[in-house]
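> Structure of the sequence below:
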Amino acid sequence: MEYNNARDKFISSWGEFAVNWGITKTMGQIHALLLLAPRAMCADEVMQDLEVSRGNANMNIKALVDWGLIHKVQVKGDRKDYYIADKDFWSIFKKIIVQRKRKELDPMVSLMQELSHVDGVCNESKEFCKIVQELSLFSGRADAALSNMIESKNNWLLGAYMKMVR
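Prediction:
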């Protein structure tokens, strides 16, 4: 496959993958573009390369900075803001997990804690309490596992995997 076709396919596919991480397709495409870039790029270059509007580019660049997936850098002699992607894939993975945990798991843990104290002693309330307790246990364990993963060193996942396959 020719380089330009492979590059375009990577950027397009990364955008599709990104939707599964809880970010927009354009946000994923900008991230992919900056991952592949050998140097920092400004918003104008991103707009031109991906053929997106200034507002769309700026909004998604800001979101990527907020997620910690890209960083603003200054280019000497230029007043524009330039951006570069974090290219440490363990770091990228952890940042995505942090955001997904914050948006999805943390509210579930909080909700289960709130619902764990229900008044009533009928069969329906007993079943409700049983389900809430099981979900609370599951979400608490998932929260602890993800927190350990986020705080771990890069080789933790590889070590855990090797233990499992032995």
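> Just the mean pLDDT for the longest helix seen in the chain, thanks.
What stands out as the longest helix in the chain, according to DSSP state H, is helix 123-151. Averaging pLDDT along helix 123-151 gives 80.
> for that helix, packing partners?
Using 3 or more C-beta pairs under 8 Å, 6 or more residues apart in numbering; DSSP states H and E as the contact criterion, the elements in contact with helix 123-151 are helix 89-100, helix 106-115, helix 156-165. From N, CA and C alone the C-beta is placed, and that goes for glycine too.
> separation between residue 122 and residue 94?
If you measure residue 122 against residue 94 using C-beta to C-beta, to the nearest Å, the figure is 45 Å.
> which one of those two has more residues nearby?
Shown here are residue 122 and residue 94; by other C-beta atoms under 10 Å, residue 94 has more neighbours (19 against 8).
> Residue ranges in the chain under the pLDDT threshold?
120, 153-166 (pLDDT under 70).
> again, only using 80
Counting by pLDDT under 80, the ranges of the chain that qualify are 22, 116-126, 145-166.
> and the helix or strand residue 10 falls within, how far from the chain's centre?
Secondary-structure element containing residue 10, defined by DSSP states H and E: helix 3-21. For helix 3-21, the distance between its averaged C-alpha position and the chain's averaged C-alpha position is 16 Å (C-alpha atoms, centre = their mean, to the nearest Å).
> centroid residue for this protein?
For the chain, residue 96 is the residue whose C-alpha lies nearest the centre (C-alpha atoms, centre = their mean; 2.3 Å).
> doesn't residue 21 make contact with that residue?
Yes: contact between residue 96 and residue 21 holds when scored by C-beta atoms under 8 Å: they sit 5.1 Å apart.
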